[in-house]
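J.: my questions concern the predicted model and sequence given below.
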Amino acid sequence: MYIDETKIEALALGGIILGGGGGGSMDYGIENAKISLANGRQPQVIPVDELPENATVLTISAVGAPSATDQYVVEQNFVEIIELLEKNYDLTIDALITNEMGGGSSFNAFIPSALKQIPMVDASCNGRAHPLGTMGAMGLSEKKGYITQQSAVGGNPLKNKEVQLVTQGSVNATSTLIRQAAVEAGGLVVVARNPVNKEFIQKNAALGTLTQSYEVGSAFLQGVTPREKVMNVADYLGGTMVCQGIVEEFELTMNGGLDEGKFIVRQKDDEYVLYIWNEYMALDKNGERQSTFPDLLMSFDQETGLPITTAELKEGQAIFVLQVPYQKLALGAGMFEISGYKRIEQVLGIEIVAYVQELIGNDYYE
């Protein structure tokens with residue numbers, strides 16, 4: 001499949017919905033898609049089965065806090081992250097994947113694919129957005145002895161915030177360095193990481209996610225009214241509209257390069273509390289848990305029907321909330337590790353692990 005302008009809107013809408021509140025802004029993603037299509041270029045998407053057996057596949061991501069106001073990344077940075085790894089570690093990159101689905105992150109690999117003429121695989125590290133780099137490492141963070149290479153670039157040189165980082169080590173340690181680089185760069189860096197082979201992608205990545213994103217966006221666009229648009233998505237993904245109402249007591253702060261917060265939606269006599277760590281992490285109804293990450297929770301504006309990320313939400317906004325069980329999503333191997341869920345508990349102070357026992361019981365990666 002070649003990407004052209006007719007596919008961008010549906011890909012962006014599907015991506016932002018699958019972002020589950022995070023995954024970057026749709027405007028950022030569309031801008032990246034248009035850059036990738038400039039001068040007659042057409043990024044190519046191939047199924048994983050078409051990769052050569054000895055192919056080296058690289059993950060492209062963007063790391064930062066969605067609400068940061070000093071973000072700065074330019075087109076050339078996407079080329080630099082690949083060339084930094086190729087030069088420093090004697091690699092030849094044959095294909096690219098994105099780390100997650102999201103309004104922005106679905107398009108992470110588009111610019112380097114177009115500029116370097118490297119195909120994208122119809123896969124991602126995770127079929128929904130997630131807050132931790134380890135969750136998008138396809139199980140590598142728990143693979144004993146695995147050493148990864150990562151590079152990160154971002155920041156405005158005119159504000160003395162330009163950062164270039166090349167690092168090698170465990171996934172956990174290098175991901176921490178990358179997160180700090182994003183903070184120093186003003187809130188955002190683009191990242192190349194975790195070179196792996198075709199067999200690893202087949203076993204551990206979330207497959208078919210660009211296709212799914214396009215189909216989710218297409219289902220949304222077929223709706224006429226805001227409610228119909230959201231229900232079309234719910235029907236396609238096997239989810240429900242769990243609540244609707246006004247955003248109240250909205251809290252969102254940036255801490256360590258990630259957004260933390262929560263808010264309340266009241267519907268008749270029921271009170272729904274949604275918890276945020278970049279993405280939606282949980283939803284409680286009248287004090288009882290209704291949905292827990294990696295279930296997909298997503299907010300939509302009631303007036304327009306458009307999906308709204310956590311960074312875009314405002315006090316007093318009328319929203320619909322979509323809920324999709326994680327069993328309906330394409331998840332990569334990084335989502336089957338207990339460490340990430342424990343980290344959510346530590347940061348937000350809410351119970352997570354008890355609700356994902358079925359998920360983390362799987363020895364999913366190899």
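T.: Nice, I can see it.
J.: how near is the closest residue to residue 302 other than its chain neighbours to residue 267?
T.: Distances taken as CB to CB, 6 or more residues apart in numbering place residue 318 nearest to residue 302, at 4.0 Å, with adjacent residues excluded. Where C-beta positions appear, they are placed from N, C-alpha and C, glycine not excepted. According to CB to CB, to the nearest Å, residue 318 and residue 267 sit 11 Å apart.
J.: quickly list what's touching both of those two.
T.: 244, 245 (CB atoms under 8 Å, 6 or more residues apart in numbering).
J.: pick out the residue closest to the middle of the protein.
T.: residue 129 (3.0 Å; CA atoms, centre = their mean).
J.: and the spatially closest residue to that residue that is not a sequence neighbour, how many neighbours?
T.: Once flanking residues are discounted, residue 129 sits nearest to residue 23: 3.4 Å by CB to CB, 6+ apart. For residue 23, the count of nearby residues is 32 (other CB atoms under 10 Å).
J.: quick one: residues contacting residue 23.
T.: 15-16, 100-106, 128-129, 279, 309.
J.: what about it, helix or strand, and which?
T.: Assigned by DSSP states H and E, residue 23 belongs to no helix or strand.
J.: quick check: phi and psi at it.
T.: Phi and psi for residue 23, reported as degrees, to the nearest 10, are phi 80, psi 10.
J.: how much space between it and residue 29?
T.: 9 Å.
J.: got it, and residue 104?
T.: In terms of CB to CB, residue 104 sits 4 Å off from residue 29.
J.: if we can go back for a sec, just the ones of the contacts of residue 23 in helices?
T.: 15, 16 (DSSP state H).
J.: of the contacts of residue 23, which is the most crowded?
T.: residue 102 (36 neighbours).
J.: OK, contacts around that residue?
T.: 15, 16, 18, 19, 22, 23, 24, 29, 129.
J.: check what pLDDT residue 365 gets.
T.: In this model, residue 365 is scored at 38, pLDDT.
J.: so where's this structure uncertain?
T.: Counting by pLDDT under 70, the ranges of the chain that qualify are 65-67, 362-366.
J.: which residue lies farthest from the center of it?
T.: Most peripheral residue of the chain (CA atoms, centre = their mean): residue 269, 33.9 Å.
J.: where's that one relative to residue 248, distance?
T.: Distance from residue 269 to residue 248, by CB to CB: 15 Å.
J.: tell me the secondary structure of the residue nearest to residue 208 when sequence neighbours are not counted, please.
T.: In space, and not counting its chain neighbours, residue 208 is closest to residue 122: 5.7 Å by CB to CB, 6+ apart. Following DSSP: H, G, I helix; E, B strand; the rest coil, the label given to residue 122 is strand.
J.: residue 122: neighbour count?
T.: Counted with other CB under 10 Å, residue 122 comes out at 22.
J.: run through the residues that contact it.
T.: Neighbouring residues of residue 122 by CB under 8 Å, 6+ apart: 1, 45, 46, 47, 48, 207, 208, 209, 210, 211.
J.: other SSEs contacting the longest strand along the chain?
T.: Of all segments of type strand in the chain, defined using DSSP state E, the longest is strand 240-255. Contact here means 3 or more CB pairs under 8 Å, 6 or more residues apart in numbering; DSSP states H and E; on that basis strand 240-255 packs against helix 226-237, strand 258-267, strand 270-277, strand 279-285, strand 318-324.
J.: give me every residue that touches residue 44.
T.: 1, 2, 3, 113, 119, 120.
J.: and of those residues, the nearest to residue 56?
T.: residue 119 (12.5 Å; CB to CB).
J.: quick one: the residue lying closest to residue 193 once chain neighbours are set aside from residue 74, how far?
T.: Computed as CB to CB, 6+ apart, the closest residue to residue 193 that is not its neighbour in sequence is residue 150, at 4.0 Å. Distance, residue 150 to residue 74, by CB to CB: 20 Å.
J.: who has more neighbours out of the two?
T.: residue 150 (27 against 14).
J.: that one: what's it in contact with?
T.: Contacts of residue 150 (CB under 8 Å, 6+ apart): 85, 165-168, 174-175, 177-178, 191-194.
J.: can you redo these as JSON lines with neighbour count?
T.: Listed next are those as JSON lines, based on neighbours: other CB atoms under 10 Å:
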{"residue": "85", "neighbour count": "21"}
{"residue": "165", "neighbour count": "21"}
{"residue": "166", "neighbour count": "17"}
{"residue": "167", "neighbour count": "18"}
{"residue": "168", "neighbour count": "14"}
{"residue": "174", "neighbour count": "26"}
{"residue": "175", "neighbour count": "25"}
{"residue": "177", "neighbour count": "13"}
{"residue": "178", "neighbour count": "23"}
{"residue": "191", "neighbour count": "29"}
{"residue": "192", "neighbour count": "29"}
{"residue": "193", "neighbour count": "27"}
{"residue": "194", "neighbour count": "26"}
